[in-house]
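In: quick check, what structure comes out for this input:
(chains A and B)
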Amino acid sequence: MSETKRVRTRFAPSPTGYMHIGNLRTALYTYLIARKNGGDFILRIEDTDQERYVEGAVDVIYNTLKMTGLNWDEGPDIGGPVGPYVQSERMGMFKEYALKLVESGHAYYCFCDKERLDSLKKNEDGTTAIAMYDRHCRNLSKEEVQAKLDAGVPYVIRQKMPLEGTTTFHDEVYGDITVENAELDDQILIKTDGMPTYNFANVVDDHTMGITHVVRGNEYLSSAPKYNLLYQAFGWEVPTYIHCSPVMKDQTSKLSKRNGDASFEDLLAKGYLTEAVVNYIALLGWAPKGEQEIFTLEELAQEFDISGISKSPAIFDPVKLKAINAAYIRKMTPEEFKEYIVPHIQKYVKRQDIDYTVLASVLQPRTELFTDIEELIDYIDELPEYDNALYCHKKMKTNEETSLEALKAVLPVLEGIENWNAETIHEALFGLIAELGVKNGWLLWPVRTAVSGKPVTAGGGVELCAIIGKEESLARIRKGIEKLS
RNA sequence: GCUCCUAUAGUCAAGCGGUUAAGACAUCGCCCUUUCACGGCGGUAACACGGGUUCGACUCCCGUUGGGAGUACCA
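Out: Below you'll find the predicted structure:
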């Protein structure tokens, strides 16, 4: 292992139409490892499966990575020294590499047809047999091979696995893993159509692109020994492997498209901030050294360490995501939050002549997701129907009588305010409180109730009045007085 | 079936043979307070089980059980 070799990582998604959270996490870790080490982050599109190709899927990949800030240094759109970066454009080279392996005795031609292969997978009694190729063509003589080739018999090229001994590979998160070579299937490298299988293309691509750290899901853990053998057969340096455990929906099932919460897009649609999502998934399967949990992407690039990646599957917890989202919202400046929330307020509130600044300020500490705000602002357009019982509050020492008294005292004071805003209202009402020598709640609770008609609101009486304006506030207080009389 | 991986509170997780077994989210209580939040303080809650190894195991080994993955001319 050369210490000075520049770190190069790659994210190699298949364009399947949406960005799975587990995939995005892999992309994030891949990116972070490159950045942490001052290396290159490469994007390679693995589109060799024409059947699964989805229109526009590549854009989803681009857009997601851009939005989350996972900027790539080389990729299909920006090029780079080891292109092309789209696998389907690299097809020409693989067969040559496979032929080299045939020559060196690490691979061989196989002429078995599908029928014969299928028959191997079933026992005479119909039960499923060991799903391994029986190596029928492994020992054909040069002449036999040539004869079949000349006759134009379709073939594949298979990897020739050692029959005995063991193969050990090293993974940065799982450590050394050893398997019996006898367990390894003589996997297909080149298909009948001359195209490489994923397993083969991946190794060749990673090597020719100079990838030093391979980050991927741990579903590849079992194929890693085969990869290693391939690298060795070519005489190539084996990259550093980092296998990540899956992201789960619950104890037994993976996060899936069906659940509607598996993709990055879905999360955004639910109201989550991209920074919060990135922050959360970083934590899902990785633990920072210290106790800080809220990180910007730049901070993550500093803090990230492979040793913090965990081995067991992690369950995606929307509640924790929500808490992190809330932390991001509280971290915004009041101006940022206002800018962010006003468009959402306008989805639910028709009136335009309200004090958005005060409204935003009372909403900010109470908003975890912007989709939560609807019921916090539903009193603005019109006063909800409410029962006089709402005026009774034990702790505030209020009841219908005291409330009537309070509202009657409040009305003229508010009427007298020229410049209607939160400060002047506060000043006026607290002046009245001092004058009457009553508890804050005794006066303010009825105001809040009369103005909102709700038992729970974002903001107190002063803020509510400021938000809905003088005219509307006075009208609602008069209505309250009327109801209580 | 076979092979590989994995196992600390409800969840994410720290821990690398000797700890009062961190922290965060959730939950509960208190304080603050014009409601609810926010904020502050505190509480409940975990080493899956059984064998070893060791003076000593959450930590190492072996099983069992639970969970995940692989076993394609898909990626």
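In: any stretches of the stretch 51-200 of chain A with poor pLDDT?
Out: A:51-53, A:122-130 (pLDDT under 70).
In: show me which residues of it are close to RNA strand B?
Out: Contact residues (C-beta under 7 Å from any atom of the strand) of the stretch 51-200 of chain A with RNA strand B: A:52, A:87, A:112-114, A:117, A:121, A:130-133, A:154, A:156, A:174-175, A:177, A:179-180, A:183, A:185, A:188, A:191-193, A:195, A:197-199. C-betas here are computed from N, CA, C, even on glycine.
In: can I get the buried part of these as one PyMOL selection?
Out: Selection of buried members from those for PyMOL, criterion 16 or more other C-beta atoms under 10 Å:
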select buried, chain A and resi 87+112+133+156+174+177+179+188+197+198+199
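In: now, the residues of the stretch 51-200 of chain A next to RNA strand B that are in helices?
Out: Counted as lying in helices by DSSP state H, out of these, are A:114, A:117, A:198-199.
In: that older thread, select from the residues of the stretch 51-200 of chain A next to RNA strand B every entry located in strands.
Out: The strands, defined by DSSP state E, take in A:156, A:175, A:177, A:179-180, A:188 from those.
In: any idea how many residues pack against whatever residue of chain A ends up closest to RNA strand B?
Out: When scored by C-beta to the nearest atom of the strand, chain A has residue A:460 as its residue closest to RNA strand B, at 2.3 Å. Neighbour count of residue A:460, defined by other C-beta atoms under 10 Å: 18.
In: next secondary structure after the strand or helix carrying residue A:25?
Out: Of the helices and strands defined by DSSP states H and E, residue A:25 is found in helix A:21-36. Scanning forward in sequence from helix A:21-36 by DSSP H and E, the next helix or strand is strand A:40-43.
In: which residues are in contact with the next helix or strand after that following strand?
Out: Using DSSP H and E, the next helix or strand after strand A:40-43 towards the C-terminus is helix A:57-68. With C-beta atoms under 8 Å, 6 or more residues apart in numbering as the test, helix A:57-68 has contacts from A:11, A:13, A:15-19, A:24, A:27-28, A:43, A:45, A:47, A:71-72, A:76-77, A:264-265, A:274, A:277-278, A:297.
In: quick one: buried ones out of those?
Out: Buried among those (16+ other C-beta under 10 Å): A:11, A:13, A:15-19, A:24, A:27-28, A:43, A:45, A:47, A:72, A:76, A:264, A:274, A:277-278, A:297.
In: among those residues, which lie within strands?
Out: A:11, A:43.
In: which residue ranges of the stretch 201-350 of chain A form helices?
Out: Assigned helices in the stretch 201-350 of chain A, in chain order: A:224-234, A:264-269, A:274-283, A:297-303, A:318-331, A:334-348 (criterion: DSSP state H, counting those that start in this stretch).
In: among those, which is the most enclosed?
Out: Highest mean neighbour count among the helices of the stretch 201-350 of chain A (mean count of other C-beta atoms under 10 Å): helix A:274-283, with a mean of 22.
In: other SSEs contacting it?
Out: Applying 3 or more C-beta pairs under 8 Å, 6 or more residues apart in numbering; DSSP states H and E, one finds that helix A:274-283 makes contact with helix A:21-36, helix A:57-68, helix A:264-269, helix A:297-303, helix A:318-331.
In: try 6 Å
Out: Contacts defined by 3 or more C-beta pairs under 6 Å, 6 or more residues apart in numbering; DSSP states H and E place helix A:274-283 against helix A:57-68, helix A:318-331.
In: tell me which of these sits nearest to residue A:428.
Out: Of all these, it is helix A:318-331 that lies closest to residue A:428, at 30.1 Å by C-beta to C-beta.
In: average pLDDT for the closest one?
Out: Averaged across helix A:318-331, the pLDDT comes to 97.
In: again, but for stretch A:410-422
Out: The pLDDT scores in stretch A:410-422 average 97.
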